[in-house]
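J.: Model the structure of this input:
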Amino acid sequence: MKTFAIIPIAGKGVRFGSDLPKQFIEVYGKPLFIYTLEKFQNNCNVDYILIACSKDNMPIVKDIINKYNLTKVYKLVQGGDTQLESIINCIKSVDNELSIEDKIIVHVGNRPNLSDTLISRCIKKYDDIGPLSTVVPCIEVMINTDDNAIIPRDKVVRIQTPQVYSFGDLKKVIYDENLSNMHASTLCDLLISNNYKVSFINGELTNFKITYKEDLDIFKAIISSRENKIEKGEKNEAKAVL
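T.: Numbers count the residues shown, from 1 in each chain. Purely as a prediction, here's the structure:
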């Protein structure tokens, strides 16, 4: 049984308001999507990584992958017009190499701040509950703007990635002839709309998606704080040795 991580990075980042797709923006000298990929490269439960990117960016992505020695990257796949299409393209690119028991963990490239613990928990939890998606509580007041009705916060959650499925879970759905007529945006709602059961487990509030420039500022602050703590720890350790 193998575990494939699928990381789509083909988005154009329209909402981010930059000419450069946000996944390629450098944070302290490192492209944003590399922060994400390194989490899966370093996780012992992940065997292979599939990346979906635009055709034009494939040479750039390949060079960056080599630069950071991401040895688990198995294949670069041309992305589709939507994130879901990109993910499906990745699955189809290796479907003759997969068994129905093989696991597929999907995570979007612009969520770079997930923990190693979350990746492992998702992969292992699949064995107990089957298809799953991470979710976090909705902390704001929700309202339906069509009728101004308040939606109780305890009745809704925010769906995140990682999401975990087996190839067997996805095989019938992704080859459905009616797929093009469906309006799903993720594998989670694609399966649910096809009457498959998807379970939800707690995600991480810090595993936020970088959509706007303010999100990038927050991520930079987290990285800066983390590096400062490491530096202080190294100095303290040096003093202890002396």
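J.: For this structure, which segments are assigned as strands?
T.: Here the chain has its strands, by DSSP state E, at 3-8, 26-27, 30-31, 48-53, 73-78, 103-106, 132-137, 142-144, 149-151, 157-166, 199-202.
J.: other SSEs contacting the fourth one?
T.: Under the contact definition 3 or more CB pairs under 8 Å, 6 or more residues apart in numbering; DSSP states H and E, strand 48-53 sits against strand 3-8, helix 32-41, helix 58-67, strand 73-78, helix 83-93. No exception for glycine: its C-beta is placed from N, CA and C like everyone else's.
J.: quick check: angle from that strand to strand 73-78?
T.: Between the axes of strand 48-53 and strand 73-78, defined by axes from the mean of the first three to the mean of the last three CA atoms, to 10 degrees, the angle is 20 degrees.
J.: who's in contact with strand 48-53?
T.: Residues from elsewhere that reach strand 48-53, judged by CB atoms under 8 Å, 6 or more residues apart in numbering: 2-10, 37, 40-41, 61, 65, 70, 72-80, 86-87, 89-90, 93-94.
J.: Can you give the strand pairings for that strand, parallel or anti for each?
T.: Take DSSP bridges as the rule and strand 48-53 pairs in its sheet with strand 3-8 (parallel), strand 73-78 (parallel).
J.: quick check, distance from it to the centre of its chain.
T.: Taking the mean C-alpha point of strand 48-53 and that of its whole chain, the gap between them comes to 11 Å (CA atoms, centre = their mean, to the nearest Å).
J.: could I get the strands of the chain as TSV with distance to residue 214, mean pLDDT and mean neighbour count?
T.: Formatted as TSV, the entries for the strands of the chain read as follows, by distance: least, CB to CB, whole Å; pLDDT from 0 to 100; neighbours: other CB atoms under 10 Å:
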stretch	distance to residue 214	mean pLDDT	mean neighbour count
strand 3-8	23	97	26
strand 26-27	14	92	14
strand 30-31	20	95	18
strand 48-53	25	97	24
strand 73-78	30	96	19
strand 103-106	25	98	24
strand 132-137	18	96	20
strand 142-144	21	91	11
strand 149-151	25	93	10
strand 157-166	17	96	22
strand 199-202	25	97	15
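J.: Perfect, I'm done here.
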